[in-house]
Structure formats: C-alpha cells, structure tokens
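Trainee: Take this sequence and fold it.
(chains A and B)
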Amino acid sequence: MLPEEVVPVAGERVSFERERGVSAIVVSPEVAYLFVRVPDSSDVPQQRLAILNALKQANISIFLIKLQRQGLSFGVQATEMERARAVLQEAGFSVTVKPQRVMVSVFAQNMRELHGVLARIAEILYESGAAIEQISDAHNRVTCLIEASKAPQVVAKLRRAFRLRERAVHYATRG
Amino acid sequence: MRIRVLKFGGTSVDTHEHRLMAARKVIQCLEMGCKPVVVVSAIGRRGEPYATDTLVEFLTQLDPSVPPHPREKDLMMACGEIISTVIMAQTLRILGYPSVALTGNQAGIITDSEFGNARILEINPTPILRCLECGWIPVVAGFQGVTRPDKIFYRGAITTLGRGGSDTTAAALGAALQAEAVEIYTDVDGVKTADPDFVPDAPTLREITYEEVAEIAHQGARVLHPRAAEIAMDYGIPLWVKCTFTDEPGTRVVAQLKSGHRRITGVTHTGKLVYLSFHIPYAEHKALLELEIYRLMARIGVNLQGVGVDEEGLGIAFSREHWQRVRTALDGLVIPLHGLECASRASALPNGLPVFYLLQFGEQPTEVCQIQRGMLDKAGLGGERLRPVPISVAEGCTMVSLIAHGYSQEPGIFAMLYQTLLQEGIPVWQTADSELSLSCIIPESEVEKAVRVIHERFGLHQAR
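Mentor: Numbers count the residues shown, from 1 in each chain, chains lettered A, B, ... in the order given. Below is the predicted model:
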C-alpha cells in the first residue's frame, strides 16, 4: 500500500543550493609577468624545459604559465622578478618583463557551466581600457592579468556588473 | 531518526544481480539501525534501453532538424530514473522490505525552471519523512525535480538537474533530511588516484577534501558531481564514495584532512576537446577581436577552457560536442571594426576607415571564406582593408591534470610535469594552472600513456 499523500504538501521547507553566477573577486597584487623567448626556433619544447629547470634550480615559484610560440610566459611574485630575469638571462634566454601587474580573479561556482561570464569579464576590462595580458580559467574562476594601475577601476566595474557587495572583493597575498 | 541516503549509479542498477547487491547495501543500513533513503540513476549507460542518452536519442532521432522543446526533453529524460525507482522498489519488495518509488516531484524537490540544468530551490522533506515513519524505504528518482506551479502547469513542470544530477539529489536530500551520511555507490571502490582503466592498480584515497573532490570531478574524473560535494560541504553532511560490489570502506569526503598536509591527490583527464589557435598579428585590434570571439562563443552556448593569449594570438579549448557549431559559427566570419571602435583605440588604417577581419580555418580558405572574400571585394571592401585571421585546429585533444592542492605552484612542480610528458614524446599544446591543479592540453591518442607516466612520476601509488 502506498502512503496516502506523497505529493508535496505545505510543511517544513529547506532551501539551499547556492545562487549561480559570480560570487567574488580576488585581486592578487604585486605580480610581475615574464615573457621568455628561446634563442632558436629548433626544438622549442626542450628549450621551454630548460627555462623551467632554470627556475626550478633557483627555487622560484611560477604561475599563470602559458606556452608561447617561441617560448614561455609566466607570473612571479614581484619580489622574485629581478632574480627570475637574471637567472634566465644568464641561461641565455631573452626576457621581457612586465612589472606592476595584478591578477584579477572572478569566482563563480561551476564557471564552465555558465555561458557568457568570460565574455562579460572581457567586455568590462575592454571598456575599462585594461588589456588582458594573460588569462587563465579553472572550474570556479577566470583570472586576468592586467596593469596594476587599472585594477581599481576594473574591480569597481566588475563589482557593479556582477552586483557584488564590497565584502565580495578580496585582496590576496601570495606565498 | 538516523537517516542515511544511499545513491546508486547506473551501473549499480543495470542488472538484476547488481540490483540485488545494491539492495544488500540498503539492508545493511537497516541492520545498522538506520533509515535508508535510496536515490537511483537511470539504468545503464548509453546504448542500453532505459539509459538517459538512449531516451534522448529516441526523441531527437524523430527529426534531427527539429530540436525538442527543453520541457519535453526533460520529461523524456526523467523517465529513465522513474523506471529505475520502480524496478529498485520492486526488488526490495521481493526481498521482503516494503518500499515506495517516488519521483522527484513526489519527493518534494522544487527547482527553478531552467530545463536541463535546473537548480534545487527547496525540498519539502515531509513526504519522505512520512514514508520512513510508515516503515517504508523511499526510492527516489535522482536527477529530477519540479518547478513551482504556474498559470499553465498548476502542478509544476518536471525538470532535470543536469550532469551528475543524481549525486546532487542525494546530497540535497541528505541536507534536507539532516541525514547522518550520504553514500554515493558506484562501480569503483572510492576515489582513485587515476582512472583505473588506465592505471589498474591506482590506490583508493581514504579521505579527500570537498575542494579536492570538486577539482578532481571538474578535471574529468567521474566519481562525484561537484554540486553534490558543494551541497554536502555547505550543510556539513558526511559524504562517502563507495563500491556497490565490494565491502571496501571507500573514500570519505571531509572538510579538512586530519593531517592538514598539502599533497598531490591524483591525475585526471577530461573528455574529448578541440583546441583552436587564432593567429592575430594585429596589435591595434587584438583585444577587440578576442572580445568578439568570447562574445560569439557565449552567444552559441559554448563554454571555454584552456584559454590563453600570446603576443600574436589566442588559444581556446572546448568540448568536442560543440565542434560543428563552433566551426559553422567561425568559418568565414567577418568581423568589421568600425570607425568609432577603431577611434577609441587606434585607427585601423591611416585614413580611419574600418577594416574587416576574416576568420578562416587553416592557411587555405574554405569555400565559405572564398565567398565572403568575393563579396567584400565586390563591395570595394577588400584589399588592405581585408585581414585574414587564420585559425589552426587540433581536433583530437584532451586535458590531463595533476591535482595538487596547495602544492601546484611549488618551485619545480610544473617543470617536473612538463618534463615527464616530453620524455615520453607527448606533445603539450597549452597549459593551465590554479592553486589546485596543473593541466596540459595534449593529443587524445596519448592520454593513457600520459596518465600512467604522471601517476608513476609523482609517486601516486603511495597516495592514501
């Protein structure tokens, strides 16, 4: 015999599941970004490995790592910028450094199931005159590398666009 | 009342023998003095008669040119779980245990109206609690709920919860019923350090954090849907991943590891991806072209991963299921950058005239591109005002990820990963990293070898 009433009835209700969409912005300041070119175009992967090994030997942490056609790019803490440059130049690589950068990470649960968040972020950055110098995505965030001087305006616009409260913006320290 | 939610996936309910083994877990729960609430997925996987994919194919094959309405598609997909609940309830009844099959609606699961990917708004626990009070075992259809009543559907419309929806149902019921545990039963004995199809002796992790399991799931491991982990984490519900067919203890999902150590948890691989590399050697418009590409992908409903830029281009990856749609949208696309847009950045041409960017796959333009080019030439918009943006394509690729919570940015970790792949002759096309993982886009043909060598190199046989 089935229970008499198995359709929903008024009673105690439990509401849950987080709101979808952007929930926070994290700004990681004091970052430098390095573009490292390999000396010749033969066997670029092995030369990239040499770059990585040189940084490993020097005990330097890197992030926002992207393979470039002629080398590698990555971020380091600003305090490590000069050391990273010196290590790599000593190893024979050509290094371009972009100092005074920040990483702005926009967080949303299940980012990869939300259409258009990346496009909206890119729009806001473009409208703010901030070039996206590097970008990375994970399941819960999109991270953009921009000039530090543009960060306050970008963060304010992102906050407005995604209707976030002030407390949803966090300033991180690395390390 | 001590309540446990036991969820059985498709491979746990696909044969009578398997259902009996699942029933044994339910009976063991009763013998422990707990009240079991059972959640089931549809029976079997793609190709089997009542699997969700089979039901959808039945609908879409009626006329592939007419997509089904999302509401009807959800109604169709929900049938798989409903059939499964009735079969499972009957199995328990045959064994002498009174049970009742409930749809998501009957179990009080109310969702929003985003068909195909609905979010649970609330759960009325009363129907299930009443069943338990009556001494019945509720067998609830996973993956589904019902919208709130509206003017047309005064009892609401059936919705589905999207990928991994049955896990979400189980965790949500666990939260609503204040269960002492939610147990996710599958065909492996917990969360492994790698896909056991590739690494047969991959160890099972005894404990894993919610964050780690969410990362592992997002990076491709089919162990537990991240939404379920998120709900369990938010409500502090103890969660387990166990095997239906063994008595192994499984993996406990916890907020924090007892040891508190940073560690390397495993290696995962995602599904089939396509990687596109746009060559944009036009500095003055690169940012705007990238923005247009992001906008277009959003418009056609394609989510990107593995995104990265370099000085002359942009790389994106996406699921191969979207490939035809993306190809159709991009091939021969003309992006005109008008005067105003140009003026705000830099004029495209000395005389301030707009330019036309023509996206084309490969170095040789396709027929569509040639037509577009011809039309622009005829309109006097060709010549130096027409700029090609070649797109190179890697169709057969996938992503392998090293899950390394709090460890991924340690000096040398990425070097070690990259070296491991290179030593095996596995090309790496692009990378992505976060605090939780390091990922490489590689040819799909190399994925098994990649998973094996990374597992070996990072000593994951020792992981517990």
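Trainee: Which parts of chain A are strands?
Mentor: A:14-15, A:22-37, A:63-68, A:71-77, A:94-108, A:134-138, A:141-147, A:169-171 (DSSP state E).
Trainee: what's the helix or strand for residue B:390?
Mentor: In the assignment (DSSP states H and E), residue B:390 maps to strand B:386-405.
Trainee: And chain A, is that strand touching that?
Mentor: No - if you take C-beta under 8 Å from any C-beta of the partner chain as the test, strand B:386-405 misses chain A, and the best it gets is 10.0 Å. (C-beta placed from N, C-alpha, C; glycine too.)
Trainee: For the stretch 351-464 of chain B, give me the ranges with low pLDDT.
Mentor: B:351-352, B:408 (pLDDT under 70).
Trainee: biggest helix in the chain, by residue count?
Mentor: Looking at chain A here, since you left the chain open. Assignment by DSSP state H gives helix A:44-57 as the longest helix of chain A.
Trainee: oops, chain B please
Mentor: helix B:70-94.
Trainee: which parts of it are buried?
Mentor: For helix B:70-94, a neighbour-count test (16 or more other C-beta atoms under 10 Å in any protein chain shown) marks B:70-71, B:73-85, B:87-89, B:91-93 as buried.
Trainee: Stretch B:320-340 now?
Mentor: B:320, B:322, B:323, B:326, B:327, B:329, B:330, B:331, B:332, B:333, B:335, B:337.
Trainee: mind exporting it as CSV, just the C-alpha atoms?
Mentor: The C-alpha coordinates for stretch B:320-340 follow below in CSV (Å, rounded to 0.1, in the frame of the first residue of the first chain):
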residue,chain,number,x,y,z
ARG,B,320,34.2,18.3,-29.0
GLU,B,321,30.4,18.0,-28.9
HIS,B,322,30.3,21.7,-29.8
TRP,B,323,32.8,21.5,-32.7
GLN,B,324,30.4,21.6,-35.6
ARG,B,325,28.6,24.5,-34.1
VAL,B,326,31.8,26.4,-33.5
ARG,B,327,33.1,25.6,-36.9
THR,B,328,29.9,26.8,-38.6
ALA,B,329,30.0,30.0,-36.5
LEU,B,330,33.6,30.9,-37.1
ASP,B,331,34.4,29.7,-40.6
GLY,B,332,34.2,32.7,-42.9
LEU,B,333,33.0,35.0,-40.1
VAL,B,334,33.7,38.7,-41.0
ILE,B,335,34.3,41.0,-38.0
PRO,B,336,34.1,44.6,-39.1
LEU,B,337,35.7,47.0,-36.7
HIS,B,338,34.0,50.3,-37.3
GLY,B,339,35.3,53.8,-37.1
LEU,B,340,34.1,54.5,-33.6
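Trainee: and it, does that touch chain A?
Mentor: No - for stretch B:320-340, no contact with chain A is found by C-beta under 8 Å from any C-beta; the gap never falls below 11.5 Å.
Trainee: hmm, who's touching that stretch?
Mentor: The contact list for stretch B:320-340 (C-beta atoms under 8 Å, 6 or more residues apart in numbering or on different chains) reads B:271-274, B:276, B:285, B:288-289, B:292, B:296-297, B:300-302, B:318, B:348, B:352-361, B:365-366, B:368-369, B:371-372, B:376, B:389, B:391, B:395.
Trainee: That stretch - what's its average pLDDT?
Mentor: Average pLDDT, stretch B:320-340: 87.
Trainee: What residues are bridge-paired with the residue minimising distance to the centre of chain A?
Mentor: A centroid search over chain A (C-alpha atoms, centre = their mean) returns residue A:143, at 2.3 Å, as the residue closest to the centre. Per DSSP bridges, the residues bridged to residue A:143 are residue A:105, residue A:136.
Trainee: these two touch, right, it and residue A:63?
Mentor: No - look at residue A:143 against residue A:63 with C-beta atoms under 8 Å: they stay out of range, at 9.0 Å.
Trainee: follow-up on the earlier one: can you tell me which of the buried residues of stretch B:320-340 comes closest to residue A:147?
Mentor: Ranked by distance to residue A:147 (C-beta to C-beta), the buried residues of stretch B:320-340 are led by residue B:337 at 22.9 Å.
Trainee: sorry, back to before: buried set for the strand holding residue B:390?
Mentor: Quick answer for strand B:386-405 (16+ other C-beta under 10 Å): B:386-387, B:389-391, B:394, B:397-405.
Trainee: doesn't residue B:145 make contact with residue B:109?
Mentor: Yes - using C-beta under 8 Å, residue B:109 is in contact with residue B:145, at 3.8 Å.
Trainee: shared neighbours, these two?
Mentor: With contacts taken as C-beta under 8 Å, 6+ apart, residue B:109 and residue B:145 have residue B:120 as neighbours in common.
Trainee: Tell me which helix or strand in chain B has the weakest average pLDDT.
Mentor: helix B:339-345 (a mean of 46; mean pLDDT, DSSP states H and E).
Trainee: how about the following helix or strand past that one, does it get close to chain A?
Mentor: Later in the chain than helix B:339-345, the nearest helix or strand by DSSP H and E is strand B:355-361. No - Strand B:355-361 lies out of reach of chain A by C-beta under 8 Å from any C-beta, never closer than 15.9 Å.
Trainee: Please point out which parts of strand B:355-361 sit buried.
Mentor: Buried residues in strand B:355-361 (16+ other C-beta under 10 Å): B:355, B:356, B:357, B:358, B:359, B:360, B:361.
Trainee: what does stretch B:154-166 give?
Mentor: Here stretch B:154-166 shows B:156, B:157, B:158, B:159, B:160, B:161, B:162, B:163, B:164, B:165, B:166 as buried, counting by 16+ other C-beta under 10 Å.
Trainee: From chain B, how far out is residue A:158?
Mentor: Distance of residue A:158 to chain B, given as C-beta to the nearest C-beta, to the nearest Å: 15 Å.
Trainee: Quick check: residue B:35 touching residue B:5?
Mentor: No - in terms of C-beta under 8 Å, residue B:35 does not count as a neighbour of residue B:5; the distance is 9.9 Å.
Trainee: Which phi and psi values does residue B:320 adopt?
Mentor: The phi/psi pair for residue B:320 (degrees, to the nearest 10) reads phi -70, psi -20.
Trainee: So which elements touch the longest helix of chain B?
Mentor: helix B:16-31, strand B:35-40, helix B:52-60, strand B:99-102, strand B:137-141, strand B:144-147, strand B:158-160 (3 or more C-beta pairs under 8 Å, 6 or more residues apart in numbering or on different chains; DSSP states H and E).
Trainee: Can you flag the weakest of those by average pLDDT?
Mentor: Among the helices and strands packed on helix B:70-94, helix B:52-60 carries the lowest mean pLDDT (a mean of 88).
Trainee: Buried residues in it, which are they?
Mentor: B:52, B:54, B:55, B:56.
Trainee: Which positions in the stretch 51-200 of chain B make contact with chain A?
Mentor: Counting by C-beta under 8 Å from any C-beta, the stretch 51-200 of chain B sits next to chain A at B:100, B:102, B:105-106, B:108, B:110, B:117, B:119-127, B:130-131, B:134, B:136, B:146, B:155, B:162, B:172, B:175-176.
Trainee: What subset of the residues you listed is buried?
Mentor: The buried subset of those - by 16+ other C-beta under 10 Å - is B:100, B:102, B:105-106, B:108, B:110, B:117, B:119-127, B:130-131, B:136, B:146, B:162, B:172, B:175-176.
Trainee: Narrow those residues to those in strands?
Mentor: In strands, defined here by DSSP E, the members of those are B:100, B:102, B:110, B:120, B:121, B:122, B:123, B:146.
Trainee: and the gap between the closest residue to residue A:24 other than its chain neighbours and residue B:73?
Mentor: Spatially, and ignoring its direct neighbours in sequence, residue A:24 is nearest to residue A:107 (4.3 Å; C-beta to C-beta, 6 or more residues apart in numbering or on different chains). Note on residue A:107: its distance to residue B:73, by C-beta to C-beta, to the nearest Å, is 31 Å.
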